[in-house]
Structures are given as C-alpha cells and as structure tokens.
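Peer 1: Got a predicted model here, sequence first, then my questions.
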Amino acid sequence: MRNRTKTPVQVVIAASLALVSASSFASDAEITIRVTNVASNQGEVGCALFPAGSAFPMDATAARQLWQKAESPGVTCRFDKVAPGSWAVSASHDLNGNRKVDTNFLGIPTEAWGVSNNARPMLRAPKFDEAAFKIAAGQSLTLEIKVDK
C-alpha cells in the first residue's frame, strides 16, 4: 500500500494552483444582453460577443455565440467568464433558422438586427469602434440592444 501523505512541496503546488485558478475566475467579467423589440416568437434570437480585432459584425467565427428561441418582446443573453477589455455585441432575430442575418440583393438586411451602443449607421454595417465598450475585471455589465430591420 502506498503512502498517500503529501509532501510539503506537493501541498505548496496544490495551494498555488488553487489560488491561480480562483484569481482567474475572480477577474472574469459577466455581460448580460437584453435584446428588445423582438417582433414575434418565430425563429431564434442570437447574440454574438466579438473581441477587439475581429471581423465585427459580419463574420462571427471569432465571436462567442448564444442562440435561443425567440420570444416577443425580447430575450436575454448572458456571457460569463469574459476577459477584461474591449468588446462589441451583435444581436439578430433569425426567422428561417440559418443563424445569420439575411439580406436582399442590395445587401440590406431583411431580418431584424442590432449591435451594442445601438449603433445604426446609414448604408453600411456598423464598425467595431462604434459598438465597442470596455469591461473591467470582475465587472457585471448589462446592455440593451434594440433589433430592427
């Protein structure tokens, strides 16, 4: 039978790992997105959390995404364990299940969409800087995004 008593070095290593793990979770932030103006219960509402430097808002491959059943007049998305820094969020009401904002032949969205800071420039997609916000370590932040066509 092996002796299961830990050596002082093992105890110090275990304690250090526990502290590092606990401090990394303490520095994580939480972002709650309230998506408003959802017109119907049809389809899904998606929220995408984009880091700085990503292809916001068109390419969500670098974004953390949450999808849920649409509910009128709105839904809530929660992102936990968010690193401190600059972020932007997009939201959309996907009516046909393809999990993207559909557009017409001119590139104009035919499904409701919105971004953080409710930035809605004319004739182009919003830029990251227009929708960006900062979050600090351990902060909880709630944003409201109104979706519309």
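Peer 2: Received the coordinates, thanks. Only a predicted model underlies this, so the values are computations on that prediction, with no experimental measurement involved.
Peer 1: Heading C-terminal from the helix or strand of the chain with the lowest mean pLDDT, find the next helix or strand.
Peer 2: Using mean pLDDT, DSSP states H and E, helix 8-27 stands out as the lowest-scoring helix or strand of the chain, at a mean of 46. Later in the chain than helix 8-27, the nearest helix or strand by DSSP states H and E is strand 29-36.
Peer 1: helices or strands up against that following strand?
Peer 2: strand 44-51, strand 74-82, strand 85-94, strand 140-146 (3 or more C-beta pairs under 8 Å, 6 or more residues apart in numbering; DSSP states H and E). C-betas here are computed from N, CA, C, even on glycine.
Peer 1: and that strand, how far from the chain's centre?
Peer 2: 8 Å (C-alpha atoms, centre = their mean, to the nearest Å).
Peer 1: Equivalent analysis for stretch 140-149, please.
Peer 2: The chain centre lies 11 Å from the centre of stretch 140-149; the measure is C-alpha atoms, centre = their mean.
Peer 1: If we go by neighbour counts, what in it is buried?
Peer 2: 141, 143, 145-147 (16 or more other C-beta atoms under 10 Å).
Peer 1: who's in contact with it?
Peer 2: For stretch 140-149, contacts defined as C-beta atoms under 8 Å, 6 or more residues apart in numbering pick out 29-38, 45, 47, 89, 91-93, 109-116, 118, 120, 133, 135.
Peer 1: Buried among those residues? Need that as a selection in PyMOL.
Peer 2: Applying 16+ other C-beta under 10 Å to the contacts of stretch 140-149, the buried members can be selected in PyMOL as follows:
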select buried, resi 29+31+33+35+36+37+38+45+47+89+91+92+93+111+112+113+114+115+116+118+135
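Peer 1: pretty sure Ala63 contacts Gly53?
Peer 2: No: contact criterion C-beta atoms under 8 Å: Ala63 and Gly53 do not qualify, at 11.7 Å.
Peer 1: who's more crowded, the two?
Peer 2: Per other C-beta atoms under 10 Å, whichever of Ala63 and Gly53 has more neighbours is Ala63, with 21 against 9.
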